[in-house]
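In: coords please:
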Amino acid sequence: METPLSNDLTQPLNIIFAGTPDFAAQHLAALIQSQHNVVAVYCPPDKPAGRGKKLTACATKLLALENDIPVQQPENFKSLESQLNLTAYQADVMVVVAYGLLLPTVILETPRLGCINVHGSILPKWRGAAPIQRALEAGDAITGVTIMQMDKGLDTGDMILTATCDITSNDTSASLYTKLAALGPTALLETLTLMASGEYKREPQDNTLATHAAKLDKADAELNWQQPALILDRKIRAYIPWPVAQFTFNENGTEHRIRVLQASVVALEHKQTPGTIISVDKQGIVVATHNNALRLETLQLPGKKALAVADILNGKAEWFTKGQSINGPTPPQQELT
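Out: All right, here's what the predicted structure looks like:
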């Protein structure tokens, strides 16, 4: 059941923004250009980056400084000082987008309208750290963003507004990220208009429909040829740009991890052992899988840039010959999962 809320605020709202990466910065940019007042930006402390390990500011901090907005970078909100600093801004609402820090109850309750979050899925599906990737990996037909009222749970708060978009057969996590980065700011501004108007509705999530979007791990990137080609294709697209799906090629005891950046499903009945190379040409390397086959089209060899298979075959054709295992001379020994 939807719960109506009311407030006596008038536009514009005074907003604290909390976020870190470029995805968050695009939402911050929309707020800066709106009629609302961004009174402070919160982001994590600067982190070492690059070969020189130089302290580097995140995207939201850079944007805030460009627009003369105060920046706060507490490691957490455990200290009374950090809590009082936030209270001093007298914000109407705190907008949280990919912040990376857990907010204690005292912070959630400090702004007059509480804290709202832009989450990259259609809640209650894909609560957690990697909603874009998990939706793609699962073969979902649609995804979107949900603007929710934050509570102390992990993406469990009441929903205020949802915006959706299609997932195509060519989408990667990178392309979905771009779609949602365009969808989210519009949904956020619409939500803030509702909140400032005096009345808006909150819809509790149905916990029985919830799924968890577990954080990505490099260990999950290894392709298992015992799986169907369709599952492998989804995984490859879900793991772009990180951690990038890969397989291990064994050359005389030396292991080479080869990244797969583009592939396609080949509808093909065969009796080959999964992992066996069925054919090789300039269009790609067709590998037997548990069901159908997968054509590898763009690969990245260790220490090299990503190349089309046609270019890779010019230098490493002996690695990829018909009838051989894609993993090298030793046949793959993976278990079906």
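In: list the buried residues for the longest helix seen in the chain?
Out: Among all segments of the chain classified by DSSP state H, the helix with the greatest residue count is helix 173-196. The neighbour-count check on helix 173-196 (16 or more other C-beta atoms under 10 Å) flags 173, 175-177, 179-181, 183-185, 187-189, 191-192, 194-196 as buried. Glycine gets a C-beta too; all of them are placed from N, C-alpha and C.
In: confirm Asn224 sits in a helix?
Out: No: read with DSSP: H, G, I helix; E, B strand; the rest coil, Asn224 is coil and lies in no helix.
In: what about the strands in the stretch 151-300 of the chain?
Out: With DSSP state E, counting those that start in this stretch as the criterion, the stretch 151-300 of the chain has strands at 159-166, 199-202, 212-213, 246-251, 254-266, 277-281, 284-288, 293-300.
In: lowest mean pLDDT across those strands, which one is that?
Out: When the strands of the stretch 151-300 of the chain are ranked by mean pLDDT, strand 199-202 comes last with a mean of 88.
In: just name the most buried of the strands of the stretch 151-300 of the chain.
Out: Stretch with highest mean neighbour count among the strands of the stretch 151-300 of the chain: strand 284-288 (a mean of 25; mean count of other C-beta atoms under 10 Å).
In: who does that strand pair up with?
Out: Strand 284-288 has the following strand partners under DSSP bridges: strand 277-281 (antiparallel), strand 293-300 (antiparallel).
In: show me what the longest one is in contact with.
Out: The contact list for strand 293-300, computed with C-beta atoms under 8 Å, 6 or more residues apart in numbering, reads 229, 232-233, 244, 258-266, 268, 270, 278, 283-287, 306-309, 312, 326.
In: can you give the distance from it to the centre of its chain?
Out: The chain centre lies 23 Å from the centre of strand 293-300; the measure is C-alpha atoms, centre = their mean, to the nearest Å.
In: paired strands for the helix or strand just after it, with orientation please.
Out: Once the chain leaves strand 293-300, the next helix or strand it forms, by DSSP states H and E, is strand 307-308. Strand pairing for strand 307-308, determined by DSSP bridges: strand 293-300 (antiparallel).
In: let's see the strand it pairs with as PDB, backbone CA atoms only.
Out: C-alpha atoms of strand 293-300 as PDB (Å, rounded to 0.1, in the frame of the first residue of the first chain):
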ATOM      1  CA  ALA A 293      28.600 -22.600 -29.600                       C
ATOM      2  CA  LEU A 294      30.200 -19.200 -28.900                       C
ATOM      3  CA  ARG A 295      32.000 -17.100 -31.600                       C
ATOM      4  CA  LEU A 296      34.900 -15.200 -30.000                       C
ATOM      5  CA  GLU A 297      35.200 -12.000 -32.100                       C
ATOM      6  CA  THR A 298      37.400  -9.500 -30.100                       C
ATOM      7  CA  LEU A 299      40.200 -10.700 -27.700                       C
ATOM      8  CA  GLN A 300      42.900  -9.100 -25.700                       C
END
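In: run the angle between it and strand 254-266 for me.
Out: 130 degrees (axes from the mean of the first three to the mean of the last three C-alpha atoms, to 10 degrees).
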